[in-house]
Each structure stands twice: as structure tokens, then as C-alpha cells.
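# just need the structure, nothing else, for what follows:
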Amino acid sequence: MPSQQSFADLGVSKVVCDVLSKRGIDEPFAIQNLVVPDVLAGHDVLAKSPTGSGKTLAFAVPIVERLQATDQRPAALILAPTRELALQIVDDMHDIAHARALSVVAVYGGAGIQRQMERARRSHIIVATPGRLEDIIQRRAISLQNIKILVLDEADRMLDMGFRPAVDRIVALTPRKRQTLFFSATLEGDAGKIAGAYTSDARRHEHVPAVDHKAETVHRFVRVQHEAKVDVLVEELKDAERGLTIVFVRTKRGADRLVKRLKDNYVTAVAMHGDKSQSQREKALARFERGEVDILVATDVAARGIDVRDVTHVINYDMPEDRDGYVHRTGRTGRAGRAGIGVTFVLGDQARDMSRIASDLGLHKEFSLSGLPTSTSGGGGGGRSRGHGGNGGGAGPRGGRPQQRPGRRERAASAGRPGGNGRSAR
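Numbering: from 1, shown residues only. Got it, this is the predicted structure:
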């Protein structure tokens, strides 16, 4: 449900509200409602919220409100695990920062360091990957002694990628009397431990969006035999209405193996996973975004933080491990009320586990159409998105033709938002 509050009600200035309104953002969403007032009040925050829930504006809006153009630079630091996420954050922040006479820059590997150092010296807000930021600090191009606000975005992923030592060193260079905002898909385990170490008397918020059956997304579950999975996938990829498609697998080796098996079937795809170099990942993503290759085979970690428009299909070639995994994966499509299709392959011995996940997300009806045994009875709304006709579940007819996707500003307006009148699982 949309919020009944406005950003102004949360304490956001008119100038920032006006910029948000021009981007089509008039009401804050759940994570923004929870976090913005606490950040504006100067509290540390721990927030559990998945990619695609609106978390970027949850920290971006109050950051630009709390900083002043006269602050010594840099005054705020946002750490992100990947180049793609860093650029997305800057894209979402640029207009609201500019409205407050603040500058923001992305700092990441794989690009010219000299230009980044020059821009970082002049910027109020730095959005950085840990490795490149350390390179710049070691060259004494910037100091973190004036950082007022520190944000760790997708902190759990930074841990997964081995950035803990670098993050520890970077945090140690910031003032002890700073405001720290910690965003993660989980606040348990190692992520919870460093969250406690980096923050002080933090306000804790958790937001896990549910599937909204008004969303422009069709959810289908397909019964498959292990030896026939590739053949079934090839048939799915023949859909004439298919646009950019992300195929999720569980392992890095599995991603490479699937790309080769698709090639044997005259289907071209690119793989993205943690064993690829930064340059290889960037090239693969660029080819995918341009449509040169319209199939991206990815692991869960590799796909975190990627916001590619025109993704019409998400196919779970390997079943997601849990509810959050399903939400994260299918959230790559059906964004901002646009059409999308999520297809999950289910082996016979996976049926009951997948049934529990589907039931927890209110997708029991869609799962039952697959003909697989279910762990519960009842539940779930229809799988067909608003505005589509025909059958919406099981291995039956595919969803309707996806609508045209929004441009950059429209995407920025809805990036991470559960889409107004049409939310998908994310």
C-alpha cells in the first residue's frame, strides 16, 4: 500500500520535495518512512531491506538535507560493493544533491584514477567501492577526517566479496563522532556483528516487501526433470515476446557450464559471477544492457545491485534457496508497474520446499497450477498481473507482451520503489 504521508511530513525540505515530485516521487515507501525521520534526527540506523525496496532514497534524501554546501569536503561517504551499484546511487542522488548545492561523485575501479581523485577532492558526497577508495586514500588525494555521515550499502554483499578488511581500514579513518547508516539484506551473523561495531545506539528497522498481486508480473512454476532442464530453458527462451532475460543459477561453475550448453543449442548468453574480473563483469553487463546479448546467466551475489531496464523475464533455472532469494531474483523484472515474467524451474524433490516459499509469498495458487505437490493448502492470489489476460501460472501460456520501459529519470523515480499501483516481488 502507498504511504499516506508525504516526504514533507517526514521533515524533508520543499526544494528536495519539489525535485522528487518532478521525478514522479510524491509519497515515501515503507523503508523510507521508517528510516528518513531517524536519519534526519541524527541517529545511527541499522536497516534490513532488500535491493529494490527504495533504500537508496531512504539514505540519500536525509543525507542531502543534513549536509551544507559550506561543509568541508568530503562530508559524506557511501560505501558500495560494486561499480554498478555506486553509479546507480549517484544517478539517484544527483538531482536532489544539486538542488541543495551539493556535489556527488562515484569512485570505482576500472576507470581513470586521476580524474576520480580530482573530482573526489571537490565533492561533498563520495560513493565508492572499497578497493578504489583505498587506492585514492593511499595517494593522499583525499582525507576522511571531515566525514559527518557514513553509509554502508549492501553491507552483507561487501562481506561476501571479501571487503571486510578494507572496510575496517576505511571506517577507522573516519571520525568517531559520525552518523553511521548500515543497510543490509540481513542483520544476522557477520553482518550483524560489524553493524554493532560500526554504529552507536542505532535505531533498527526491518522491511521485507511482500508480493503484490496487482503487480505487472506473472509468476509461473514449471515442473522439470533434471536431464531436461536445458531443453526446457531453450524452449522458454524462444518466446517471441521475450526481451532481456536474466537466468539465475546457484553456482559460478554452473553459470559457465550453462552458457556453454546454451551455445551448443545455438543460444548466445553471457555469464556474470564472482570469479569474473571487474572488467569482464562490466563488459558482460554492458553487452546485456545494449541488447547485444539478451540473456545474462548470473549467480545471486553477482546480480545484487544491478538495475537493468527492459528485463522482461527472470528465469530461476536453479530454485532459489529461500523466500528472500525469490524476492531478490524476481525483483529484477516487473519494475515500476511494468510488465514482467518470473519463471521458476522445480525438480520433483524440490517441490515441497518451493511450495513453502511460494505459499509464504502468497503464490500458492500459481504454484498449484504447476501440478507439483504442495506443502499446504489454500492461500495465494492470482498470478496474472493487472492488465494481462489469459492464464497466468504453471507451465501454461506465457504472460502478455511487456510494456515499454521508462527512461533514466522515470527509473530513478521508481528505482527500488515497489511501483505505485503495481508492485512485483522484490
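
# run me through the strand neighbours of the helix or strand encompassing Ile246, direction for each.
Using DSSP states H and E, Ile246 falls within strand 244-248. Partners of strand 244-248 in the sheet, by DSSP bridges, are strand 295-298 (parallel), strand 311-316 (parallel).

# list the buried residues for that strand?
By neighbour count on 16 or more other Cβ atoms under 10 Å, the buried set for strand 244-248 is Leu244, Thr245, Ile246, Val247, Phe248. Where C-beta positions appear, they are placed from N, C-alpha and C, glycine not excepted.

# okay, the strands paired with strand 244-248 in a markdown table with distance to Ile149, mean neighbour count and mean pLDDT next?
Listed next are the strands paired with strand 244-248 as a markdown table, based on distance: least, Cβ to Cβ, whole Å; neighbours: other Cβ atoms under 10 Å; pLDDT from 0 to 100:
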| stretch | distance to Ile149 | mean neighbour count | mean pLDDT |
| --- | --- | --- | --- |
| strand 295-298 | 32 | 25 | 94 |
| strand 311-316 | 32 | 25 | 94 |
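
# related to what we said a few turns ago, could you export the buried residues of strand 244-248 as CSV, including distance to Arg83 and pLDDT?
Below are those laid out as CSV (distance: Cβ to Cβ, whole Å; pLDDT from 0 to 100):
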residue, distance to Arg83, pLDDT
Leu244, 19, 93
Thr245, 23, 95
Ile246, 18, 95
Val247, 22, 96
Phe248, 21, 95
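
# can you give me the helices in the stretch 101-250 of the chain?
For the stretch 101-250 of the chain, the helices defined by DSSP state H, counting those that start in this stretch cover 113-122, 130-138, 155-160, 164-172, 189-198, 229-237.

# quick one: buried residues of the fifth one?
Neighbour counts over helix 189-198 (16+ other Cβ under 10 Å) mark Ala191, Gly192, Ile194, Ala195, Tyr198 as buried.

# and it, what's its mean pLDDT?
Mean pLDDT, helix 189-198: 88.

# still on that earlier bit, which stretch among the strands paired with strand 244-248 comes nearest Lys22?
Closest approach to Lys22 among the strands paired with strand 244-248 is made by strand 311-316 (25.7 Å; Cβ to Cβ).

# is His205 in a bridge, and if so with what?
Note on His205: beta-bridge partners by DSSP bridges are Ala47.

# burial of Ser103, as a residue count?
Burial of Ser103 is recorded as 16 neighbouring residues (other Cβ atoms under 10 Å).

# check the gap between it and Leu152 for me.
Distance of Ser103 to Leu152, computed by Cβ to Cβ, to the nearest Å: 21 Å.

# what of Pro62?
Pro62 sits 16 Å away from Leu152, going by Cβ to Cβ.

# same question for Leu79.
According to Cβ to Cβ, Leu79 and Leu152 sit 5 Å apart.

# what touches both of these two?
Met158, Val167 (Cβ atoms under 8 Å, 6 or more residues apart in numbering).

# just to revisit the earlier point, can you give me the angle the strand holding Ile246 makes with helix 229-237?
160 degrees (axes from the mean of the first three to the mean of the last three Cα atoms, to 10 degrees).

# re the thing from before, least confident of the helices of the stretch 101-250 of the chain, on average?
If these are sorted by mean pLDDT, helix 155-160 sits at the bottom with a mean of 84.

# what's the burial count for Val230?
Neighbourhood size, Val230 [other Cβ under 10 Å]: 18.

# so the closest residue to it other than its chain neighbours is in which element?
In space, and not counting its chain neighbours, Val230 is closest to Arg261: 5.1 Å by Cβ to Cβ, 6 or more residues apart in numbering. Assessed by DSSP H and E, Arg261 sits inside helix 252-264.

# kindly export that helix (C-alpha atoms) in PDB.
Output in PDB follows, covering the C-alpha atoms of helix 252-264 (Å, rounded to 0.1, in the frame of the first residue of the first chain):
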ATOM      1  CA  LYS A 252      29.700 -19.900 -10.500                       C
ATOM      2  CA  ARG A 253      30.700 -23.100 -12.200                       C
ATOM      3  CA  GLY A 254      27.000 -23.700 -13.100                       C
ATOM      4  CA  ALA A 255      26.800 -20.300 -14.800                       C
ATOM      5  CA  ASP A 256      29.700 -21.000 -17.100                       C
ATOM      6  CA  ARG A 257      28.500 -24.600 -17.800                       C
ATOM      7  CA  LEU A 258      25.000 -23.300 -18.700                       C
ATOM      8  CA  VAL A 259      26.400 -20.700 -21.100                       C
ATOM      9  CA  LYS A 260      28.300 -23.400 -22.900                       C
ATOM     10  CA  ARG A 261      25.300 -25.800 -23.000                       C
ATOM     11  CA  LEU A 262      23.100 -23.000 -24.400                       C
ATOM     12  CA  LYS A 263      25.800 -22.300 -27.100                       C
ATOM     13  CA  ASP A 264      25.500 -26.000 -28.100                       C
END
